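Asker: Here you go, sequence then predicted model.
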Amino acid sequence: MTTTGEATGDATGGADRAPIRAVFFDIGETLINEGEIYGRWADWLGVPRHTFLTKLGALLATGGTHLDLLEYFRPGFDLDKEERRRAEAGVPNGFGAEDLYFDARRCLAGLRAQGLYVGVAGNQPVQAAEQFAALGLEADVVGISDVWGVSKPSPEFFARCAAECGLPPGDILYVGDRIDNDVRPALAFGMRAAFLRRGPWGHIQHDERALRRCTFVLDDLVDLPALVERHNAP
């Protein structure tokens, strides 16, 4: 089930029914379900999964990050070192087709069928480029922060998205699950934003003012193509 709400104003607060011509998607907890990814980290560190995820929620609620979570359970945690060790042990970090959210493939295809530019751009390591390409999703561009050399919430990240599609920010909708990394910076850059309420950040973070400025607020991606089509209707 999807619950949606369409805002009455754009990033500047004025009414705006100009068409959406490009849609960019975050990756983690927007297209990729990271639940099993965190579960595999818990297994690797020898921590019960429910304990690991409970601590993640507590850290996010107080402004912490997933890196703080790993540091908590293993002081002095070195991400690069641990990823190498996991790869050598045959349990590499990353994602695959089994981690793709059920609605991701159809949503991207539905938007492209409308003639829209569809991009994927998120904060991910270099290895994610190959992992994402293997999914075979319909997208005009896939932007990986560690490949681009710029990450969210930097304005340069959103400028790169706009440059990739060759459209002004106001014609672009950015879809993500985080208010701090997705919604606020996209709006600040002049883009439209869709907030997706799933994953830990999507349920823990809250900013009513930012949500009122969103073009859409979603529980999943099922109805997004229809919502965009309706928004763009003459």
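Answerer: Great, that's in hand.
Asker: mind listing the strands for the protein?
Answerer: 5-6, 22-25, 117-122, 141-144, 172-176, 192-196, 216-218 (DSSP state E).
Asker: What residues sit buried inside stretch 157-169?
Answerer: For stretch 157-169, the neighbour count (16 or more other C-beta atoms under 10 Å) marks 157-158, 160-162, 164-165, 167, 169 as buried. Where you see a C-beta, it was placed from the backbone N, CA and C, and this is true even at glycine.
Asker: May I ask which two of the residues you listed are separated the most?
Answerer: Pairwise distances across the buried residues of stretch 157-169 peak at 15.8 Å for F157 and L167 (criterion: C-beta to C-beta).
Asker: Closest to the centroid, which residue in this protein?
Answerer: Centroid-nearest residue in the chain, with C-alpha atoms, centre = their mean: D26, separated by 2.6 Å.
Asker: ok, it - contacts?
Answerer: 121-122, 174-178, 181-182, 196 (C-beta atoms under 8 Å, 6 or more residues apart in numbering).
Asker: And those residues, which of them are buried?
Answerer: Neighbour counting by 16+ other C-beta under 10 Å classes 121-122, 174-178, 181-182, 196 among the contacts of D26 as buried.
Asker: export those to JSON lines and tack on pLDDT and distance to G115?
Answerer: Output for the buried ones among the contacts of D26, formatted as JSON lines (pLDDT from 0 to 100; distance: C-beta to C-beta, whole Å):
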{"residue": "A121", "pLDDT": "97", "distance to G115": "20"}
{"residue": "G122", "pLDDT": "96", "distance to G115": "24"}
{"residue": "Y174", "pLDDT": "98", "distance to G115": "19"}
{"residue": "V175", "pLDDT": "98", "distance to G115": "18"}
{"residue": "G176", "pLDDT": "98", "distance to G115": "23"}
{"residue": "D177", "pLDDT": "97", "distance to G115": "26"}
{"residue": "R178", "pLDDT": "96", "distance to G115": "29"}
{"residue": "N181", "pLDDT": "95", "distance to G115": "29"}
{"residue": "D182", "pLDDT": "98", "distance to G115": "24"}
{"residue": "L196", "pLDDT": "98", "distance to G115": "23"}
